[in-house]
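Participant: Sequence and predicted structure below; questions after.
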Amino acid sequence: MSRKFCIPGIVFLFCALVLSVLTSISLPFLTGLDIARTTVSAGKVDGQGVDQIRLGIWYSAACSYETNGDRTCGDASHGYTLFIQNSAGTETVDIGSSWTRGLAVHPVAAVVTFIAFLMSFSQHVTITLFASLMSFLAAMLTLIAFACDIALYAFLKHQVDKLTDLDPTTKTGPGFWLTFVSLILLLLAGCTVCFGRRKDRLSGASSYPSYPMSSTKKPFWQRFRRN
């Protein structure tokens, strides 16, 4: 593939890979990379008073920040359920597993992005074609993951707003926006690799082998004359 398109494609894929991996790790290992967070006044999670709740990909990422500053996270698992209560404990809302199970698409998208990144180094025409296809596949998976992030954020806001005495404030987390940027980078990478492959094909088609010019043809009757 042309270097003019090869290097930008590799850079786009590398940046998308880094962002996707960071988002996939999420909480509690990277405390600032949550998908959605809500700040409440004296709410409760599992009977503990909290003032902030952060949701990530894994259950351990559903961390509650207590009023004294301590952070509490549950055990890691796929598809978690979270129960939030008001300060008096009389009202309870829940974030069901159906809203968090789809977040597992994030690490799948990261794996596909890694494969596309490795393929982008090749100069072989067929492999660069697969690199472009894998980039678009990773973009599609990232789009699905981003849709799950939007759904989780909207549902979290809808649920905690029912607890009016908590004065909740729900925001998107950094992991939400890293996923969006990763999606844009993957689309750019797929287009760049695809354009580079097309340019190589056009340049190959326009170069024809040169043949020496044939000598001037002799008249028909002179072909039977002896030299």
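Facilitator: Everything's here; your move.

Participant: contacts and neighbour counts: CA atoms only from here.
Facilitator: Fine.

Participant: quick one: average pLDDT of the lengthiest helix in the chain?
Facilitator: The helix that spans the most residues within the chain, counting by DSSP state H, is helix 125-160. Per-residue pLDDT over helix 125-160 has a mean of 91.

Participant: chain center to it: distance?
Facilitator: Taking CA atoms, centre = their mean, to the nearest Å, one finds helix 125-160 lying 5 Å from the centre of the chain it belongs to.

Participant: ditto for stretch 175-189
Facilitator: For stretch 175-189 - counting by CA atoms, centre = their mean - the centre lies 5 Å from the chain centre.

Participant: now swap in stretch 20-29 and tell me
Facilitator: With CA atoms, centre = their mean, you get 12 Å for stretch 20-29.

Participant: and for it, what are the contacting residues?
Facilitator: 32-34, 56-58, 60-63, 73, 106-107, 109-110, 175, 178-179, 182 (CA atoms under 8 Å, 6 or more residues apart in numbering).

Participant: Cross those against strands and list the overlap.
Facilitator: 63, 73 (DSSP state E).

Participant: Now do the helices in this structure.
Facilitator: With DSSP H as the criterion, the chain has helices spanning 3-25, 105-119, 125-160, 174-206.

Participant: Roughly how far does T169 sit from A154?
Facilitator: Relative to A154, T169 is positioned 12 Å away (CA to CA, to the nearest Å).

Participant: again with V40
Facilitator: V40 is 16 Å from A154, by CA to CA.

Participant: OK, contacts around the most centrally placed residue in the chain?
Facilitator: What sits nearest the mean C-alpha location of the chain, by CA atoms, centre = their mean, is T142, with 3.7 Å. When contacts are counted by CA under 8 Å, 6+ apart, T142 is found next to 105-106, 109, 179, 182-183.

Participant: got JSON lines for those, with pLDDT and neighbour count too?
Facilitator: Listed next are the contacts of T142 as JSON lines, based on pLDDT from 0 to 100; neighbours: other CA atoms under 10 Å:
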{"residue": "V105", "pLDDT": "94", "neighbour count": "18"}
{"residue": "H106", "pLDDT": "95", "neighbour count": "26"}
{"residue": "A109", "pLDDT": "95", "neighbour count": "26"}
{"residue": "T179", "pLDDT": "96", "neighbour count": "25"}
{"residue": "S182", "pLDDT": "96", "neighbour count": "28"}
{"residue": "L183", "pLDDT": "96", "neighbour count": "27"}
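
Participant: so which of those residues comes closest to M119?
Facilitator: Of all these, the one sitting nearest M119 is A109; the distance, using CA to CA, is 15.5 Å.

Participant: just checking, that closest one touches L143?
Facilitator: No - applying CA atoms under 8 Å, one finds A109 not in contact with L143, separated by 9.3 Å.
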